[in-house]
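# Sequence first, then the predicted structure:
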Amino acid sequence: MSGIFQRISMIFRAKTDKALDKLEDPRQTLDYSYQRQLELLQKVRRGVADVATSRKRVELQANQLNTQADKLTNQAQKALEVGREDLAREALTRRSGLQQQLSDLQVQHAQLQAEEEKLTRASQRLQAKVDAFRTKKETIKATYSAAEAQTRINEAFSGISEEMGDVGLAIQRAEDKTAQMQARAGAIDELLASGALDDPTGTAKDDITLELEQLASTSDVENELARMKAAVGAGPSAAPQAIEGQQGPAQGQPPTQAAPTQAAQPPSLDAQSPQEYQAPPSQSQQAPPAQPQGDLR
Amino acid sequence: MIVRILNEGQWHLTDDAVRGLNSFDDAVEQAVTASDQEQLTKALHTLLDRIRTMGTRVPDDELEDSDLILPAADSTVEEVQQLLSESEEGLIPG
């Protein structure tokens, strides 16, 4: 077997040999080498922590996207209830954009998780090897002469440097993947900042919410107006009815008929309509007593 | 013979088992030369599965260097090519 795998093995061996050439006094450099191993072990642990941090960030963003998607669904529902199909369509279009982001995030989340598990295992393996090296180093220092020590050290050293090479590659991979993730996370942050996604503080309202709220207040106003008109029609008409006979029912009816037609109109009007429709209620509010307002709230 | 699977650790393999791996080496090499990711993943998966079932794991606290080093199962063509280009550098003296 002298093919591809043998060539890959050569890299590791070449690197070990290079490192070994630097060892002048074997026994003295054992401690130094052990220190370097501990440093690498630290680096691996930091790598695991970095990947975990990125994974958590992706989870957080996925949650935000989910919340936003739910909100858009609700908005579409509300828009349909008030007969604004255009608004509902806009909300659903935005939601499908979010869903795409979300499924991308889920794929990358799975990748990061796999990377994290691999690094955790690698870190445990390296820890065990470093411990083995420490034990061996003490035995070598205590038992062997300088010449004998050299061979023993070579054995221990090439065993651990190969492991370090492997774990080093694993870290590099994880770092590359994490860098990709971070770029992506940054892009989603920008989306959030630009207002395309929901502002997590909830202070700024998106245009769909604003329009729905305007519609809601318009129909509230209309409902109130209709009730007041009904009350006005029913209240005063009770007295005149007795006197003028036919006029009572005639007065009482127009307001109840007018109310539904007026209430149905606002959805088809533009956002300016609320102002126009606020005028009638404020006028009619002066006429009846404050009593009807209590019923409406 | 000791074989390392990158990202996974080391395995003890009998000489008989190793002899059966030669054909897989060729398959991997062809896939890398042809830059065929699908083929590479397939070849690596079959090869690594064989090693895992036929071999025994080297304990974590044993310090030994490997006779063979194999790329991880999910390696990309680029990663293997990079390893190979490094090995070329490593083999050139000086």
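Arrived safely.
# so residue 11 is in which element?
All of this is about chain A. Taking DSSP states H and E as the criterion, A:Ile11 maps to helix A:4-21.
# Oops, wrong one, chain B.
With DSSP H and E as the test, B:Trp11 turns up in strand B:9-12.
# Does anything pack onto the following helix or strand past that strand? Which helices or strands?
Following strand B:9-12 in sequence order, the next helix or strand is helix B:15-19 (DSSP H and E). Helices and strands touching helix B:15-19, by 3 or more C-beta pairs under 8 Å, 6 or more residues apart in numbering or on different chains; DSSP states H and E, are helix B:37-54. Placement of C-beta: from N, CA and C, glycine included.
# pLDDT at the spatially closest residue to B:Gln30 that is not a sequence neighbour, what is it?
Among residues not flanking B:Gln30 along the chain, B:Gln39 sits closest, at 7.3 Å (C-beta to C-beta, 6 or more residues apart in numbering or on different chains). Looking at B:Gln39, its pLDDT is 91.
# With A:Leu98 instead?
Note for A:Leu98: predicted pLDDT of 86.
# How many neighbouring residues does it have?
Using other C-beta atoms under 10 Å in any protein chain shown, A:Leu98 has 20 other residues around it.
# ditto for A:Ile153
Neighbours of A:Ile153 using other C-beta under 10 Å come to 22.
# next one: A:Ser103
For A:Ser103, using other C-beta under 10 Å, the count is 11.
# Am I right that B:Ser75 sits in a helix?
No: under DSSP: H, G, I helix; E, B strand; the rest coil, B:Ser75 falls outside any helix and is assigned coil.
# now it: how far from chain A?
Counting by C-beta to the nearest C-beta, to the nearest Å, the separation of B:Ser75 from chain A is 9 Å.
# Report the contact partners of the spatially most central residue of chain A.
Residue closest to the mean C-alpha point of chain A, counted by C-alpha atoms, centre = their mean, is A:Gln61 at 1.4 Å. Contact analysis of A:Gln61 by C-beta atoms under 8 Å, 6 or more residues apart in numbering or on different chains lists A:105, A:185, A:188.
# Now it: which helix or strand?
Here A:Gln61, judged by DSSP H and E, is contained in helix A:26-81.
# Can you name the element that comes right after that helix?
Downstream of helix A:26-81, the first helix or strand assigned by DSSP H and E is helix A:85-143.
# Which strands or helices does that following helix pack on?
helix A:26-81, helix A:146-194, helix A:207-244.
# Including distance to A:Gln6, could these go into TSV?
Output for those, formatted as TSV (distance: least, C-beta to C-beta, whole Å):
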stretch	distance to A:Gln6
helix A:26-81	26
helix A:146-194	14
helix A:207-244	63
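# So for B:Glu62, which of the ones you listed sits nearest?
Of all the helices and strands packed on helix A:85-143, helix A:146-194 sits nearest to B:Glu62, with 7.7 Å by C-beta to C-beta.
# near chain B at all, the closest one?
Yes: judged by C-beta under 8 Å from any C-beta of the partner chain, helix A:146-194 comes into contact with chain B at A:155-156, A:158-160, A:162-163, A:166, A:169-170, A:173.
# residues in contact with the closest residue to A:Leu72 other than its chain neighbours?
In this structure, A:Leu72 finds its nearest non-sequential neighbour in A:Arg95, 4.1 Å apart by C-beta to C-beta, 6+ apart. Applying C-beta under 8 Å, 6+ apart, we find A:Arg95 in contact with A:69, A:72-73, A:76.
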